[in-house]
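1. please find the sequence and the predicted model below.
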Amino acid sequence: MLTKRIIPCLDIRNKKVTKGVRFQNNVELGDPVELAAKYYDDGCDELVFYDITASAERRPIDIDMVKEVARAIRIPFAVGGGISSISDMSRVLLAGAEKISVNSLAVENPQIIAEGAKAFGSQCIVLGMDPLKTGVSPAIPSGYEITIRGFRQKTGMDALEWAKRAVDSGVGEIVVNSVDADGTRAGFEINLTRLIAENVGVPVVASGGAGRPEDLADVFNLAHADAAIIAGMIHTGEYTIRQIKEYLVKAAIPIRKKW
Amino acid sequence: MIAIIDYKAGNLTSVRLAFEALKVPCEITDSPEKIMAAERVVFPGVGAAGTAMKTLRQLKLVEVIKETVSRGTPFLGICLGTQIIFQDSEEDGGVSGIGLVPGTVTLFKPSNPIEKVPQMGWNSVRQIRKHPVFKGIDDNSEFYFVHSYYPAPSDKSYVIGETGYGGITFASAVGKGSLVATQFHPEKSGKVGLQLLENFCRWSGKC
């Protein structure tokens, strides 16, 4: 049986892993390669790295870091931030990443999805989206609006319509990161995640709000997420990946148990 | 030396890094001479079967692959590499494969809409036949998969590992003489995957 994936998220700022709430009040947590190796040993199923300052500083992603991570771990990982072209994607993949995550770039230049999928295959192209709960309106029929640039900018785009369009263009996976839940550690946005997961044909990764192992059980059981991103709950040392997995196994959720 | 066949089907970095982690010399190559001279051959790949077969023909590698296997050189197919060693694929409106293993490659059609295509993630492999590449690996260990099509050998005696997805059980690993092929990605399957690659590096090609 296909297992549910647990994916630690490492936000990189100035070559260090940081954690903030809604991109504010960032605290430094350590070296990305060391943390990646630690989480790999602890049994995470995949990893995701966001170079959160690359776009703002208009510099390319840190390729040396990607190369070092690829040497340190033997599981798939995705990289986002600071990617603005097919050649950037190519460099990141050749450095050893499995997937590229595009977010603001895809909103501003949707063609990049089809170009990336054609060049590298859909399985390499992940759409990251940051939907904000707005309530249902004629312009936003799902009640969730896409934001970009680290939640700072509203786009007027409906989250579900965007997800479907992106899948039609060739994305192989969607990370649904709730703006409202991000950094709160009060649980995933179940309704939003379920809305996307039940209406697109590609795997959906829930993101934003993981605080307790129960939150992961809920998003797998109630929202049909294929994977869940965790950050603060393990970065602080409050939980280990093993503890989270033990809880999920007891809750009868299919999980990779040996690593 | 291990030759990793480069036929422009996806990114071979993780395959190379996995062998480097095992300290086994390897080279990514499309040279027929180097592939024929190699001690072992790895045939990885992601992407579409039609394009892959076209490129293999252009590079004159189809006969090279057949010859390597018939000589008894240990040969490992991975993912798309596994699919195109079969006779036929449904992909791209029907594609003839290399034909080393009888059977077809078929698209997943899950009846449950929450089972997505591609299958992406870790799934267990039941070892239904003993094989040197499984040495030291627990039965039902999970490996990393990313695929929309699955191999369906017509002769079940070639199946060495099975996996359930999309309402069916499919052949996730096949073995035939010196040829072994996995639908999953051992190079991205953590320590269990590395163990399989290490076993392959030590295997004589005989069962």
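-> Happy to help now that I have it.
2. residues from chain B in reach of chain A?
-> Residues of chain B lying close to chain A (C-beta under 8 Å from any C-beta of the partner chain) are B:10-11, B:13-14, B:17-18, B:20-21, B:46-47, B:113-124, B:138, B:141-142, B:144-146, B:164-165, B:187-194. Every C-beta, even on glycine, is put in place using the N, C-alpha and C of the backbone.
3. PyMOL command to pick out the buried ones of these?
-> Buried residues within the residues of chain B next to chain A, by 16 or more other C-beta atoms under 10 Å in any protein chain shown, are selected in PyMOL with:
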select buried, chain B and resi 10+11+13+14+17+18+21+46+47+115+116+117+118+119+120+121+122+123+124+141+142+144+145+146+165+187+188+189+190+192+193+194
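4. ok now the top helix by length along chain B, how far from the chain's centre?
-> Using DSSP state H, we find that the single longest helix of chain B is helix B:190-202. How far helix B:190-202 lies from its chain's middle: 14 Å, per C-alpha atoms, centre = their mean, to the nearest Å.
5. list the contacts of that helix.
-> Helix B:190-202 is contacted by residues A:40, A:74-75, A:258-259, B:2, B:18-19, B:21-22, B:24, B:40, B:74, B:76, B:132-137, B:141-144, B:180, B:182, B:184-187, B:189 when judged by C-beta atoms under 8 Å, 6 or more residues apart in numbering or on different chains.
6. are any of the residues you listed buried, and which?
-> A:40, A:74-75, A:259, B:2, B:18-19, B:21, B:24, B:40, B:74, B:76, B:132-134, B:137, B:141-144, B:180, B:182, B:184-187, B:189.
7. spit out the contact partners of the closest residue to residue A:14 other than its chain neighbours.
-> Closest residue in space to residue A:14, ignoring its immediate chain neighbours: residue A:53 at 6.7 Å, by C-beta to C-beta, 6 or more residues apart in numbering or on different chains. For residue A:53, the contacting residues are A:12, A:13, A:14, A:81, by C-beta under 8 Å, 6+ apart.
8. burial count for the second one?
-> Spelled out, it's residue A:13. 19 (other C-beta atoms under 10 Å in any protein chain shown).
9. that one pairs with what?
-> Residues in a beta bridge with residue A:13, per DSSP bridges, are residue A:16.
10. quick one, grab the pLDDT at it.
-> What the model reports as pLDDT for residue A:13 is 88.
11. can you redo the contacts of residue A:53 as CSV with distance to residue A:62?
-> As requested, these are exported to CSV (distance: C-beta to C-beta, whole Å):
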residue, distance to residue A:62
A:12, 7
A:13, 11
A:14, 10
A:81, 9
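12. by neighbour count, which of these wins?
-> residue A:81 (25 neighbours).
13. quick check: that one touching residue A:57?
-> No - Residue A:81 is beyond contact range of residue A:57, at 10.3 Å (criterion: C-beta atoms under 8 Å).
14. can you map out the helices along the stretch 51-200 of chain A?
-> A:63-72, A:86-94, A:104-108, A:111-120, A:159-169, A:190-197 (DSSP state H, counting those that start in this stretch).
15. ok, which of these comes nearest chain B?
-> helix A:86-94 (5.0 Å; C-beta to the nearest C-beta).
16. could you list the buried residues of that closest one?
-> Across helix A:86-94, burial judged by 16+ other C-beta under 10 Å covers A:88, A:89, A:91, A:92, A:93.
17. so what's residue A:248 closest to, chain neighbours aside?
-> Looking at residue A:248 with C-beta to C-beta, 6+ apart, the closest residue is residue A:255, at 4.8 Å.
18. quick one: secondary structure of residue B:120?
-> strand (DSSP: H, G, I helix; E, B strand; the rest coil).
19. repeat for the one 3 residues further on
-> Using three-state DSSP, the structure places residue B:123 in strand.
20. so it sits against residue B:141, correct?
-> No - at 10.2 Å, residue B:123 does not count as touching residue B:141 under the criterion of C-beta under 8 Å.
21. quick check: bridge partners of residue A:132?
-> Listed beta-bridge partners, residue A:132: residue A:145 (assigned using DSSP bridges).
22. over to residue A:153?
-> residue A:148.
23. just give me the neighbour total for it.
-> 12.
24. my guess is it contacts residue A:145, does it?
-> No - with contact defined as C-beta under 8 Å, residue A:153 does not count as touching residue A:145 (10.8 Å).
25. pLDDT below threshold where in chain B?
-> Within chain B, not a single segment meets pLDDT under 70.
26. mind running it again at 90?
-> Counting by pLDDT under 90, chain B contains low-confidence ranges at B:8-11, B:45-51, B:91-94, B:111-114, B:207.
27. which parts of it are strands?
-> Using DSSP state E, the strands of chain B run over residues B:2-5, B:26-29, B:40-43, B:75-78, B:86-89, B:95-96, B:101-107, B:119-124, B:126-127, B:142-147, B:149-153, B:159-165, B:168-176, B:179-182.
28. now these as TSV including distance to residue A:225?
-> TSV is the format used below for those (distance: least, C-beta to C-beta, whole Å):
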stretch	distance to residue A:225
strand B:2-5	35
strand B:26-29	36
strand B:40-43	34
strand B:75-78	28
strand B:86-89	31
strand B:95-96	34
strand B:101-107	24
strand B:119-124	12
strand B:126-127	26
strand B:142-147	18
strand B:149-153	24
strand B:159-165	17
strand B:168-176	23
strand B:179-182	27
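29. tell me which of the ones you listed lies nearest to residue A:47.
-> For residue A:47, the closest of those is strand B:142-147, at 12.7 Å, according to C-beta to C-beta.
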